[in-house]
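1. Here is a sequence with its predicted model. Questions after.
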Amino acid sequence: KEEEVHNIVLMRPPPFELQHTSTCNIDVSDNDNVITKISSNGQWNGNVLSSTPLPMSGKFKFTVTVLKTQNSELFCGIAPSSFNINGTDVYSTSGWHFHLYDGNLRSGPPTSHSKSYGRRVNEGEHVDVVVDREEKTISFAINGEDKGVAYKDVFNSGDDLRVCVMLYNENDSVRIGPIERV
């Protein structure tokens, strides 16, 4: 259920439900959307996707805050509802992501690529993921510093898009903030 209050889109339960992979131990706190990878087997399999789709119109953002990390081996971005939540290395097969380790963009079809874009994001820092449904763009900002349009025309206005986060290392932890209109 979506409710707009003071320009913030709240997804109930606050801020939205998250589903995660069954192939490794991920802890998702229901109260504040803190995601922690409990165990690691040396694979990109700590995948988390929102159960609720992103708004279908307008411009909005959500924030991913790095609470704890060994070396910033984390991805954040958006993915279609068809995203393989139990897959490994899915950052290159589905969705549009920002790699916090090296600041590169990684995406699946139709624009599969790895491209230099930003900088490394460390523990205590945050990334805003900004989606503009009308312009069909995805942008990222690091600690409020806009890095510009990362992806353009990679989704259709009616696509079912979801919040997506991927964790690699054991004990890495992030918080996903509420979706806000901008």
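-> Received the coordinates, thanks.

2. From Leu49, how far out is Leu18?
-> 7 Å (C-beta to C-beta, to the nearest Å). From N, CA and C alone the C-beta is placed, and that goes for glycine too.

3. Now list whatever residues contact both of those two.
-> Here Leu18 and Leu49 share the contacting residues Val163, scored by C-beta atoms under 8 Å, 6 or more residues apart in numbering.

4. need the longest strand for this structure.
-> Using DSSP state E, we find that the single longest strand of the chain is strand 59-68.

5. Listing partners with orientation, what would you give for that one?
-> strand 126-132 (antiparallel), strand 173-176 (antiparallel), strand 179-181 (antiparallel) (DSSP bridges).

6. which residues make contact with the first one from outside it?
-> Defining contact as C-beta under 8 Å, 6+ apart, one finds that strand 126-132 is touched by 54, 58-66, 76-78, 98, 100, 121, 137-144, 146, 161, 163, 182.

7. helix or strand right after it?
-> strand 137-142 (DSSP states H and E).

8. and the angle for that following strand with strand 126-132?
-> 160 degrees (axes from the mean of the first three to the mean of the last three C-alpha atoms, to 10 degrees).

9. same for strand 137-142, what does it pack against?
-> strand 126-132, strand 145-152 (3 or more C-beta pairs under 8 Å, 6 or more residues apart in numbering; DSSP states H and E).

10. related to what we said a few turns ago, which parts of the longest strand of the chain are buried?
-> Within strand 59-68, the residues scored as buried using 16 or more other C-beta atoms under 10 Å are Lys59, Phe60, Lys61, Phe62, Thr63, Val64, Thr65, Val66.

11. Tell me the one of those nearest Asn41?
-> The shortest gap between Asn41 and any of the buried residues of strand 59-68 belongs to Val66, at 21.7 Å (C-beta to C-beta).

12. May I have the beta-bridge partners of that closest one?
-> The partner residues for Val66, given DSSP bridges, come to Val174.

13. these two touch, right, it and Gly124?
-> Yes. Using C-beta atoms under 8 Å as the test, Val66 is close enough to Gly124 to be in contact (6.6 Å).

14. residues contacting the residue nearest to Lys115 when sequence neighbours are not counted?
-> Spatial nearest neighbour of Lys115, excluding adjacent residues (C-beta to C-beta, 6 or more residues apart in numbering): Leu105 at 4.6 Å. Neighbour list for Leu105: Trp96, His97, Phe98, His99, His113, Ser114, Lys115, Ser116, Tyr117, Ala150, Tyr151 [criterion: C-beta under 8 Å, 6+ apart].

15. What strands line up against the host helix or strand of the third one, and which way round?
-> Mapping Phe98 onto the secondary structure by DSSP H and E places it in strand 96-99. Within its sheet, and counting by DSSP bridges, strand 96-99 is paired with strand 74-80 (antiparallel), strand 104-107 (antiparallel).
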